[in-house]
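> coordinates for the following, if possible.
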Amino acid sequence: MNKTLALIQKDRVWLTIAACTGAVACTVLLFELRFENVFVLPGYGLVEGLWLLLPLLAALLAGFQVAREHLSRTSEYVRQRAITPQHLYWSQTVAAVTVLLSWPVVAVALLWLRELVFGFGAAGADARGWGILAAGTSLGLATHALTLFVLTLPLAWVGRVALGILTAIALLALQSVLVSFEPPWLVFALLHGGLALALWMVARVNSCTPHDPDRPLPRSLLLVAAPLVAVCAALFGAIVTSSWEASSLQRLQMQRPWIVEIAPDQLALVRPVRAGVQEILDEGLAPTGRLASGRSLGNETLAPRPAEPRFDPFDVRSVYHWQRNQTLWIRGGVRNVELTPWGSVRIIDRLESGRSAWALERPGSGRFSKRAFLREARRFSIDQELLFLIDPESPGIWRIDAETPPVLVPLPLPGGERPVKVCSANLGVNPTHTAGNDWVDVVVGEQHAWQLTIDGWQPVESSRVLQPFTLTLHDADPFQPDVEVLSSGGQRLRHRYTLATGKEMFLAGLTCVGAVLRPLPLALFAATQDYDDIGRSLPHETRWLFDPLLGGGFAWLLAPSALLCLLLATLARRELRQRGASHARANSWAAVILVGGVFGALVVSLIETRRAWRAPARSAPLPVVIRAA
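So this is what the prediction gives:
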């Protein structure tokens, strides 16, 4: 029998169990999501479910693969049949990868079979579903390769676990940055596939070369491990320090007075006393003895800097998934309307008799912007099943109704006005009445506000339009910002915050510690970027790459950060040389610490342990006793 077939025959039981277990788990997941949510309207539920399940199963498969090799008598089996370690490794790895790939294939085949027999067939299927499945499967392959690489390292178990967690978090960090820019799913598949292939090659070297985990890391593996540890430690450190600083700044923010509207067109600095009640302060933040209940600025505190802005449909960061995906009830079923990432409108009718799909392009230019959003007719006080599509970047408003086939009906503002924003207006008898039924959405143009009705556009008095608070940062200092608030009635209140109490100074110091601990390369990068400008132009998922202090006027914190990294690298190099490490090894780990900072130093201490460099015990030779015959 062929050697490869003999190895597969030997492992057929656990391969069969793994194949059946994974296929059942994937099938249950896809059946719960249903065909429509996988291939017709693929959404975040498919991404989250598949991208969590497959990596978990892949990690367990790789762990069982390594454990079985150690627990069973594989070495004796190899020696008896003259099988090389490389042949054994690739046979087991290819068999495991085949099992992993069979999971989504079997699950998708059963899902399609069920849809073709009992459903509406392939009507309305979207290619994005296949892309998400391919990206999730490739992530499972990358997770299998990563687990295999970590478990075959010639390190103590603590070092393996630490390096595995570090690498996994770094992979997820890079993936989150990539997701924020919405690239094609093929990019994820290529990225994960290339990473998996590289890690399998390194794991082959680890698995086929005998090493003692109680001895120093081999030089051949050091060339791979050192750069990997440096990059992963830097990314992990950026995530930890960014969360540290954000938490400290948030606590500092909560310690400071709020700016609220205590009466119509009257702003004041207040400090919360109990739920819904604030104590009014004077300009010097001294209590005045007066209590008031007021409307906070969107329930957001304003120091040390404003948090993410409240919903603004004309801000690309505020257009969430549900505002680009809405549902209409039509005769015999429902109509789903979706603004796709590539700028078209995709409409799916799901009726009792079947399913239909249409793709509508923007009239004229052909593409809607990423800032376009959908608004229900009920928000405009129209009691009909209608949707309105508003695109502020290339200004335009369209109506989508229940007609078949669907069409985009343009609704330009009177006089050719450009829509500026969507606000709430009180159209009740009493303009000061706050009943919910009196408030409707209106579109504010360059000169007038307009209410959308069945009969067309109707003007709305500017006094009835609720204009939101306007916040201006005259000085965006992270600890002492100069804030000015303009109320809807035109009143202004300007205040510069300071570190007034010991607790505020302590929280500011904690924030500075987080900036100092940030890995040096990313700290240098953050110091060259203006934090406020970057925060307004890039997706929120990338904010951990930037620093509110280093990019907000505190670039001098680079000096203690660089000194700390240099000190840790020098001490580590000196310690390794004293243990007997070569100059090249000591310099490599020193460079890792310079890149990864404190986090790199922690990983190096787990890899280059004292036990690994401890000289072996030497027993004295037995005395030679010569006896006469």
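> make it CA atoms for all contacts and neighbour counts henceforth
Fine.
> scan the protein for its longest strand.
strand 266-274 (DSSP state E).
> which residues touch that strand?
256-262, 278-283, 285, 487, 491-493 (Cα atoms under 8 Å, 6 or more residues apart in numbering).
> now the buried members of those residues.
256-262, 278-281, 487, 492-493 (16 or more other Cα atoms under 10 Å).
> T609: which of those residues is nearest?
Nearest to T609, judged by Cα to Cα, of the buried ones among the contacts of strand 266-274 is R256 at 46.7 Å.
> host element of that closest one?
Under the criterion DSSP states H and E, no helix or strand holds R256.
> and it, how far from H495?
In this view, R256 and H495 are 12 Å apart by Cα to Cα, to the nearest Å.
> swap in V513?
27 Å.
> just the CA trace of stretch 397-411, in PDB.
C-alpha atoms of stretch 397-411 as PDB (Å, rounded to 0.1, in the frame of the first residue of the first chain):
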ATOM      1  CA  ILE A 397     -33.700  62.700  -3.000                       C
ATOM      2  CA  TRP A 398     -35.700  59.700  -4.500                       C
ATOM      3  CA  ARG A 399     -38.800  57.800  -3.600                       C
ATOM      4  CA  ILE A 400     -39.100  54.000  -3.600                       C
ATOM      5  CA  ASP A 401     -42.600  52.600  -3.300                       C
ATOM      6  CA  ALA A 402     -44.300  49.200  -3.700                       C
ATOM      7  CA  GLU A 403     -44.600  49.200  -7.500                       C
ATOM      8  CA  THR A 404     -43.400  46.300  -9.500                       C
ATOM      9  CA  PRO A 405     -40.900  46.600 -11.100                       C
ATOM     10  CA  PRO A 406     -39.500  49.100  -8.700                       C
ATOM     11  CA  VAL A 407     -38.400  52.600  -9.900                       C
ATOM     12  CA  LEU A 408     -36.500  55.500  -8.400                       C
ATOM     13  CA  VAL A 409     -38.800  58.600  -8.500                       C
ATOM     14  CA  PRO A 410     -36.800  61.900  -8.100                       C
ATOM     15  CA  LEU A 411     -38.000  64.400  -5.500                       C
END
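> picking that back up, take the contacts of strand 266-274 and keep only those in strands.
The members of the contacts of strand 266-274 that map onto strands under DSSP E are W258, I259, V260, E261, I262, Q278, E279, I280, L281, R492, L493.
> tell me the bridge partners for the first one.
Taking DSSP bridges, one finds V270 as the beta-bridge partners of W258.
> dump the buried ones among the contacts of strand 266-274 to CSV, plus pLDDT and distance to R418.
Below are the buried ones among the contacts of strand 266-274 laid out as CSV (pLDDT from 0 to 100; distance: Cα to Cα, whole Å):
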residue, pLDDT, distance to R418
R256, 81, 40
P257, 82, 38
W258, 79, 35
I259, 80, 33
V260, 77, 32
E261, 72, 31
I262, 72, 34
Q278, 75, 41
E279, 80, 43
I280, 82, 41
L281, 80, 42
S487, 73, 24
R492, 83, 28
L493, 84, 31
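> using CSV, please lay out those residues together with distance to A135.
Shown next, in CSV, are the buried ones among the contacts of strand 266-274 (distance: Cα to Cα, whole Å):
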residue, distance to A135
R256, 45
P257, 47
W258, 46
I259, 47
V260, 47
E261, 49
I262, 52
Q278, 51
E279, 54
I280, 55
L281, 55
S487, 48
R492, 52
L493, 51
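> and of those residues, the nearest to M201?
Looking across these and measuring by Cα to Cα, the closest to M201 is R256, at 55.0 Å.
> S394 should be in a strand, yeah?
No. Per DSSP: H, G, I helix; E, B strand; the rest coil, S394 lies outside any strand segment and is coil.
> let me see the contact set for it.
Applying Cα under 8 Å, 6+ apart, the residues near S394 are F368, S369.
> that one and L291, how far apart?
In terms of Cα to Cα, S394 sits 47 Å off from L291.
> cool, E393 as well?
E393 is 44 Å from L291, by Cα to Cα.
> go on, R34?
55 Å.
> what do you get for G597?
From G597 to L291 the distance is 49 Å (Cα to Cα).
> what do you get for P459?
39 Å.
> just the mean pLDDT for the strand or helix carrying W112, thanks.
Using DSSP H and E, W112 sits in helix 85-118. Average pLDDT, helix 85-118: 89.
> so which elements touch it?
Packing partners of helix 85-118 (3 or more Cα pairs under 8 Å, 6 or more residues apart in numbering; DSSP states H and E): helix 3-10, helix 12-35, helix 44-71, helix 127-151, helix 185-208.
> comparing these, which comes out most buried?
Sort the helices and strands packed on helix 85-118 by mean neighbour count, taking mean count of other Cα atoms under 10 Å, and helix 127-151 sits at the top with a mean of 24.
> and the chain, what are its domains?
Taking automatic domain parsing as the criterion, the chain consists of the domains 2-211, 215-254+499-611, 319-464.
> nearest to L473, of those?
domain 215-254+499-611 (10.3 Å).
> next one, pLDDT for the residue nearest to the spatial centre of the chain please.
Residue closest to the average C-alpha location in the chain (Cα atoms, centre = their mean): S176, at 3.9 Å. Listed pLDDT for S176 reads 76.
> and what of E69?
68.
> so how many other residues sit close to A286?
11 (other Cα atoms under 10 Å).
> same question for G415.
6.
> how near is it to H448?
According to Cα to Cα, G415 stands 10 Å off from H448.
> worst-scoring helix or strand of this structure, pLDDT-wise?
strand 295-296 (a mean of 53; mean pLDDT, DSSP states H and E).
> contacting residues for the nearest residue to R579 once chain neighbours are set aside?
When the adjacent residues along the chain are set aside, R579 lies closest to W613, with 6.0 Å between them (Cα to Cα, 6 or more residues apart in numbering). Applying Cα under 8 Å, 6+ apart to W613 gives the contacts R215, P216, R579, G580.
> one more: I169?
C232, F236.
> helix/strand/coil for it?
helix.
> off-centre distance for stretch 11-26?
From the chain centre to the centre of stretch 11-26 is a distance of 31 Å (Cα atoms, centre = their mean, to the nearest Å).
> rounded mean pLDDT for it, please.
Here the average pLDDT along stretch 11-26 is 90.
> distance of L163 from L486?
From L163 to L486 the distance is 51 Å (Cα to Cα).
> out of the two, which sits in the more crowded spot?
L163 (25 against 17).
> next one: the helix or strand encompassing that one to chain centre, how far?
Using DSSP H and E, L163 sits within helix 157-180. Counting by Cα atoms, centre = their mean, helix 157-180 is centred 13 Å from the centre of its parent chain.
> one step back: with neighbour numbers in mind, choose between G597 and L291.
When neighbours are counted by other Cα under 10 Å, G597 comes out ahead of the other of G597 and L291, with 30 against 17.
> for the more buried one, give me its contacts.
Residues in contact with G597 (Cα under 8 Å, 6+ apart) are A233, A234, G237, L517, R518, P519, L520, L564, C565, L568.
> make a markdown table from the residues you listed and add secondary structure to it.
A markdown table is the format used below for those (three-state DSSP):
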| residue | secondary structure |
| --- | --- |
| A233 | helix |
| A234 | helix |
| G237 | helix |
| L517 | helix |
| R518 | coil |
| P519 | coil |
| L520 | helix |
| L564 | helix |
| C565 | helix |
| L568 | helix |
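> most neighbours among those, which one?
R518 leads the contacts of G597 on contacts (other Cα under 10 Å) with 31 neighbours.
> what pLDDT does it get?
95.
> ok, it touching G237?
Yes. Using Cα atoms under 8 Å, R518 is in contact with G237, at 6.1 Å.
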